[in-house]
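[1] Next comes the sequence, and after it the predicted model I'd like to discuss.
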Amino acid sequence: MGGISLKAQNILPLTTLTAIQLLAVLLVNQKSLDIDQLASLQESGGAMLTIGALAGWLSYLLPADLKNALVFLRWKNALPGHRFLQLAESDTRIDAKALREKVANYKSLISDHKAQNSYWYREFYRPVANQDEVASTHKSYLLYRDAAAVSLLCTFIFLLAKLLLAELMAGIGVASVLVFVAAALGFVVAASNLGRRLVTTAVAISTASKK
C-alpha cells in the first residue's frame, strides 16, 4: 500500500459514503424499505463501480485550497497547520516546554501563520508522516474532506436537475436535498476535527521523541 496515495486508498470508502447518501435519497422518496431492492443493490458491482467513478471524479472537481476553506471555514490561512502553535498549546499530550525549546523562533512564528504552516510541515509532519497514527489520521481527514466536497456538489447537481429536468425528476422530492446537506455538514465537522488532530498528533509525537 506504500506506493498508493492516501487519496487513492480512499476511493472505496468514498464510494460507500456516496452510495449511502443515494440510498437515503431513494428511501426518503419511497417512504418504505424494500429489502429485496437493498439486496439487489448490494449485489450490483456495476452500480458501485459507477458510483465510485462518479464520486472520484467529483472529488477532483474542487481544488484542494477550496476544499480546505470549506472544511475550516477560512478563506486565508485555512489549514490548522497555519495555527499549529496555538493548537499545540491547548493539547494536553504536548509538553509546552519541549515545544518552545524545539521551535527556536517561537515568538516571531506564532504571529506568522504562513510561516507556521511551512515550519509544521517541514519540522513536524514530514519526519513522522509514515507513522501509523499520523498516516491514518491524514487518510481519514482526506476522506471526509473529499466526502464533504462530493456531498456539496451533489446538492448543486440535484437542485440543477430539479430545475432543468423537472419532468424526469418529478418523483424525487425537493426535501431529498436535505440528505446531501446533512451529510456535507457532518463530513465538514469530522474533517475539521481530524485536520486539527493531524496537526497536534504530529507535534506530540515529534516533541515526545526528543525527550
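    Thanks, I have the structure now. Just so it is clear, the model here is predicted, and its values are computed rather than measured. Numbers count the residues shown, from 1 in each chain.
[2] show me what contacts the closest residue to H82 other than its chain neighbours?
    Excluding its sequence neighbours, the residue lying closest to H82 (Cβ to Cβ, 6 or more residues apart in numbering) is H113, at 4.1 Å. (Glycine included, C-beta is placed from N, CA and C.) Residues in contact with H113 (Cβ atoms under 8 Å, 6 or more residues apart in numbering) are 77, 82-83.
[3] Counting neighbours, which of those residues comes out on top?
    H82 (23 neighbours; other Cβ atoms under 10 Å).
[4] coming back round to it: in terms of distance to Q9, which of the contacts of H113 ranks first?
    The shortest approach to Q9 among the contacts of H113 belongs to H82, at 25.9 Å (Cβ to Cβ).
[5] My read is that that closest one contacts K114, right?
    Yes - using Cβ atoms under 8 Å, H82 is in contact with K114, at 6.9 Å.
[6] quick one on the thing from earlier: what's the spacing between the residue nearest to H82 and N193?
    Between H113 and N193 the computed distance is 20 Å (Cβ to Cβ, to the nearest Å).
[7] cool, and Y125?
    Taking Cβ to Cβ as the measure, Y125 falls 18 Å from N193.
[8] higher neighbour count, those two?
    Y125 (22 against 14).
[9] Tell me who's in contact with that one.
    So Y125 contacts 81, 134, 199, 202 (Cβ under 8 Å, 6+ apart).
[10] now with 6 Å?
    If a contact means Cβ atoms under 6 Å, 6 or more residues apart in numbering, then Y125 has A202 as its contacts.
[11] sorry, back to before: and the contacts of H113, which is closest to K7?
    Checking those against K7 by Cβ to Cβ gives H82 as the nearest, at 21.4 Å.
[12] Show me where the chain has its helices.
    With helices called from DSSP state H, the chain shows them at 6-9, 11-30, 35-42, 45-61, 64-72, 84-89, 96-102, 106-109, 113-119, 126-128, 132-164, 177-209.
[13] Identify all contacting residues around the first one.
    It stands for helix 6-9. With Cβ under 6 Å, 6+ apart as the test, helix 6-9 has contacts from 139, 142.
[14] from now on call the first residue 215
    All right, first residue 215 from here; so that's helix 220-223.
[15] That one: which residues count as buried?
    Residues K221 are the ones in helix 220-223 that count as buried (16 or more other Cβ atoms under 10 Å).
[16] average pLDDT across it?
    Helix 220-223 comes out with an average pLDDT of 86.
[17] mind checking how far that helix is from the chain centre?
    On the basis of Cα atoms, centre = their mean, to the nearest Å, helix 220-223 sits 12 Å off its chain's mean C-alpha point.
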